[in-house]
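Asks: generate a structure from the sequence data that follows.
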Amino acid sequence: MSMNKRLSTRDYILLLLKTNGQMGTKEIQNRLGLTKVAVSRQMIHLEKDGFVQYTLGRHQLGRPMHYYSLTPLGQEQFPSDYGQLAVELLDHMAVEEGEDRLDAFFKRQQARFIEKYADRMRGKNLAERVEELAGIQDVHGFMTKWEQQDEGAFAMTQHNCPYFKIANRYEAICERELSSYQALLEAEVERPECVAKGAGRCVYLIREREQRIIPDNAM
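Replies: Numbers count the residues shown, from 1 in each chain. Next comes the predicted model:
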């Protein structure tokens, strides 16, 4: 999907599902300003093409409603730096050079990422570091948003995974991403939602690191 051209109704629906997760028919109607018939026609075509799937649920008045979400094929319509070729190259590396060599490759990529952006984090408080990291990853195609949830607590959401195919096969890339964020943000970082584990987005919960107090008698 080209994000630079004027979006068609079809592409806008995919974008809505990408950034909002599961959505009901009525909500999609309201966002698009279209009739129920027009939206239903679009969803039938998207489902037929394998881009969306639906579950049935109950609306407030008890009427059944379709709730739509993206399929893996639908996820692939968004910016991606890596594809099947990258997966095949990593498979080849694992077979020819061993899993240790592959792990060393991921470690090297992590070190380069941290080294590249460490200077942009220096002298900033945690909120500024979260904002900086979100901006970096948004440029890289992650469709990233962040918000402050509480004092010293933040959430960063990535609506797109450019490494979707690799992450589905090699979980190590997700773990390296998490530890990279921990290092750059110098904070406690958890990931309760992950695209590679079936979620519609990756969510990172970020908190200031607790200061450990060393008892006097331990000195």
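Asks: so residue 65 lies in a strand, does it not?
Replies: Yes: with DSSP: H, G, I helix; E, B strand; the rest coil as the criterion, residue 65 is located in a strand.
Asks: please renumber the chain so that the first residue is 169 from this point on.
Replies: Noted, 169 is the first residue going forward, which turns the last one into residue 233.
Asks: you'd agree residue 292 is up against residue 300?
Replies: Yes: contact status for residue 292 versus residue 300: in contact at 6.5 Å, counting by CB atoms under 8 Å. To be clear about C-beta, it is placed using only N, CA and C from the backbone, and glycine gets the same treatment.
Asks: neighbour count: those two, which is higher?
Replies: With neighbours defined as other CB atoms under 10 Å, residue 292 and residue 300 compare such that residue 300 has more, 17 against 14.
Asks: now the more buried one: which helix or strand?
Replies: For residue 300, the enclosing helix or strand under DSSP states H and E is helix 294-305.
Asks: in that helix, what counts as buried?
Replies: Of the residues in helix 294-305, those buried under the neighbour-count criterion (16 or more other CB atoms under 10 Å) are 294, 297, 298, 299, 300, 301, 302, 304, 305.
Asks: what sits up against that helix?
Replies: Residues external to helix 294-305 that are found in contact with it (CB atoms under 8 Å, 6 or more residues apart in numbering): 285, 288-289, 292, 312-314, 316, 320, 322, 324, 326, 349, 352-355, 374, 376.
Asks: out of those residues, list just those in helices.
Replies: When the contacts of helix 294-305 are checked against helices using DSSP state H, the ones located there are 285, 349, 352, 353.
Asks: among those, find me the one that's closest to residue 237.
Replies: Within the ones in helices among the contacts of helix 294-305, distances to residue 237 taken as CB to CB reach their minimum at residue 349, with 25.7 Å.
Asks: determine the set of other helices and strands touching the helix or strand bottoming out on mean pLDDT in the chain.
Replies: With mean pLDDT, DSSP states H and E as the measure, the helix or strand of the chain carrying the lowest mean pLDDT is helix 252-265 (a mean of 73). Judged by 3 or more CB pairs under 8 Å, 6 or more residues apart in numbering; DSSP states H and E, the packing partners of helix 252-265 are helix 267-285, helix 332-337.
Asks: gap between it and the chain center?
Replies: If you compare the mean C-alpha spot of helix 252-265 with that of the full chain, they lie 24 Å apart, counting by CA atoms, centre = their mean, to the nearest Å.
Asks: neighbours of residue 262, how many?
Replies: Residues near residue 262, counting by other CB under 10 Å, number 17.
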